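>>> Sequence first, then the predicted structure:
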Amino acid sequence: MEDRANVWVRGALCLAVGQACINLNFFIDEPTKALLAQIHPEEWCPLSTYRNLLDVVAKRYVDPAPIIEQIGVEMVRIWSQNGIDRTRIRNGIDFLYFQTSSEAYYTMVKGSPEIIGDFVLVDIDERQGTAVVRSTTPFDRNMERGILRGGIGFAGDFTYIDVDNSADSHTFLIEFH
């Protein structure tokens, strides 16, 4: 079993989860709201804090997967309004390259490489509108699917986006047009 006690995430990630839940009217209890009020975007929080935030929401639904995915989409919407550098990330393809770069992932997550894993662009064919992303991170795959969907679509340059990891939970097959 992996030791995730020494995995840390930026407070901004936890705050984005909380704000996405609020924006989407998903239930957040008072203790969770109090916890969110104590988190600062630049500080490091244990991975368990992030997981606990998702668990508060997930426990309220019979099938939390689409809810968690939608939280991922909403997190990107929040970032696109408040934090995405539009000079570097102008469209969905730019987002895909950035999100799967070490620059993006390792600024939000820290811990030993064998535990925090990677989020890597394995293949992309911009002409055909396909990409493959491989994730070995400790994060919820539904959330990652939502982040990919939201990020590829944030600029509105595609009318069709499909992100599927049903055949292999660690491999996202992406189609965009």
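Sure thing, it's come through.

>>> Go through the helix or strand of the chain with the lowest mean pLDDT and flag the buried ones.
Lowest on mean pLDDT, DSSP states H and E among the helices and strands of the chain sits helix 102-108, with a mean of 80. Across helix 102-108, burial judged by 16 or more other Cβ atoms under 10 Å covers 104-105, 108. All C-beta spots, glycine's among them, are computed from the backbone N, C-alpha and C.

>>> How many residues are close by the closest residue in space to G146 that isn't next to it in sequence?
In this structure, G146 finds its nearest non-sequential neighbour in G72, 2.3 Å apart by Cβ to Cβ, 6 or more residues apart in numbering. Neighbourhood size, G72 [other Cβ atoms under 10 Å]: 25.

>>> what about the strands in this structure?
Remark: strands assigned in the chain by DSSP state E are 8-10, 44-46, 109-110, 119-125, 130-135, 161-164, 171-176.

>>> What is the end-to-end distance of stretch 25-42?
Taking Cα to Cα, to the nearest Å as the measure, stretch 25-42 stretches 25 Å from start to finish.

>>> which helices and strands does the top helix by length along the chain pack with?
Criterion DSSP state H: the longest helix present in the chain is helix 65-82. Contacts defined by 3 or more Cβ pairs under 8 Å, 6 or more residues apart in numbering; DSSP states H and E place helix 65-82 against helix 11-23, helix 47-58, helix 141-153.
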